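>>> Sharing a model that was predicted from the sequence below.
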Amino acid sequence: MAARVGFDFEHPSQTATRSGKELARCARSADNTERREPCECAVAGDVEEVGDCCSRPPILRASSGVDAESALRAANVKFERRFRAMRACEIARLEFSS
């Protein structure tokens, strides 16, 4: 429906750019060290920022034509590969320092 009324980006890169901005705002909200005690408006703002971040990937996926399941599988494989490499480095560092 959003696309029918002109409330959609023309190119996938625009969606990706917007997603980056949403993630940056979400990170700033999460890292707000000045906030001592959360107030209702701060918590509502956090929820809104996280919601914005959650809404962007499906829009980006749809506009780019990427298969969601394939993309998630590839991301998981990449994460596992990086995690194993980091873990191996940590084990080697511990063995070296012993």
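Noted; the coordinates are in hand. Numbers count the residues shown, from 1 in each chain.
>>> For this protein, which element, helix or strand, carries the lowest mean pLDDT?
Ranked by mean pLDDT, DSSP states H and E, the weakest helix or strand in the chain is helix 40-64, scoring a mean of 73.
>>> next helix or strand past it?
Later in the chain than helix 40-64, the nearest helix or strand by DSSP states H and E is helix 68-97.
>>> got a pLDDT number for the residue most central in space within the chain?
Nearest to the mean C-alpha position of the chain, counting by Cα atoms, centre = their mean, stands Leu23 at 6.0 Å. Note on Leu23: pLDDT of 81.
>>> Give me the helices and strands touching the helix or strand that contains it, please.
Leu23 is located in helix 12-30, with elements delineated by DSSP H and E. When contacts are defined as 3 or more Cβ pairs under 8 Å, 6 or more residues apart in numbering; DSSP states H and E, helix 12-30 packs onto helix 40-64. From N, CA and C alone the C-beta is placed, and that goes for glycine too.
>>> got the angle for the helix it packs on vs helix 12-30?
160 degrees (axes from the mean of the first three to the mean of the last three Cα atoms, to 10 degrees).
>>> Now do helix 40-64 against helix 68-97, angle only.
On the basis of the same axes, to 10 degrees, helix 40-64 is oriented at 110 degrees to helix 68-97.
>>> chain center to helix 40-64: distance?
With Cα atoms, centre = their mean, to the nearest Å as the basis, helix 40-64 stands 9 Å off its chain's centre.
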